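Participant: My questions concern the predicted model and sequence given below.
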Amino acid sequence: MWEYLIHGEPTPRLKPFLEGVGKALEAQGFRYNPESEAPNLVLNAITPENPRPYRRRAQATFVASVLELPEFPQDPLRELYPYLVRALSNVLLAYVPGQGVKFLTLELGHYGEPEGEGFYERVAARLRPIACSRLVINNIFEPDLEPELWQGDELTESMYRAGKKLKEWDLLPAPFPIEEILPPRT
């Protein structure tokens, strides 16, 4: 059984949205457990003034921060991405009562669900697959590399040369222009 909880203090208009999504999640196999130490999904209610993060206690907890807005921003990536980062979320749901919700991912994916018939079920269906997946990476660091490989070999040298050439051609950009999305740290 998958567990979820609601964290934060939802605004009066955000509370019915979270309840509706919660009921839809329960219909899709989740159980609400506000005391869970390791929920699969956290619906983290945030405000523009206080995008407070949920502090995970388990490596595989998926956090969806939910923000109520009076209207959708003209440039959602630029205006919403800082909330996603500051709330330490996997995804941000920007909810505009009467209109719907826009999803924003760390990878700059964004899509929406308009309000209407089956709204909460559609929102829950968007969250369920990723909240139920398990991506847990526990790297193993092996400090005892053979001495003959300490300086690399033919293969690593060719990769190095290829990387330098791609950089020379300006084909190694950052995955996204973070300096354009987040303001400088003050």
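Facilitator: Looks like it arrived, so ask away.
Participant: For the rest of this, base every contact and every neighbour count on C-alpha atoms.
Facilitator: Fine.
Participant: Can you list the neighbours in contact with stretch 39-59?
Facilitator: Stretch 39-59 is contacted by residues 2-10, 14, 18, 33, 37-38, 60-68, 83, 86-89, 131-132, 136 when judged by CA atoms under 8 Å, 6 or more residues apart in numbering.
Participant: Mark which of those are buried, thanks.
Facilitator: When burial is judged by neighbour count using 16 or more other CA atoms under 10 Å, the buried members of those are 2-8, 10, 14, 18, 38, 60-68, 83, 87-89, 131-132.
Participant: taking those one by one, which sit in helices?
Facilitator: With helices taken from DSSP state H, the overlap with those comprises L14, L18, Y83, A131, C132.
Participant: now these in TSV, with pLDDT?
Facilitator: TSV is the format used below for these (pLDDT from 0 to 100):
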residue	pLDDT
L14	96
L18	98
Y83	93
A131	88
C132	88
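Participant: of all the residues you listed, which comes closest to G163?
Facilitator: Minimum distance to G163 across these is 33.7 Å, recorded for Y83 (CA to CA).
Participant: show me where this structure has helices.
Facilitator: According to DSSP H, the helices that the chain contains are 14-27, 76-86, 119-132, 154-168, 178-181.
Participant: any idea of the mean pLDDT for the shortest one?
Facilitator: So that's helix 178-181. With pLDDT averaged residue by residue, helix 178-181 scores 64.
Participant: what's the answer for stretch 89-100, then?
Facilitator: In this model, stretch 89-100 carries a mean pLDDT of 96.
Participant: got a list of contacts for it?
Facilitator: Stretch 89-100 is contacted by residues 13-14, 53, 62-72, 83-84, 101-106, 112-115, 119 when judged by CA under 8 Å, 6+ apart.
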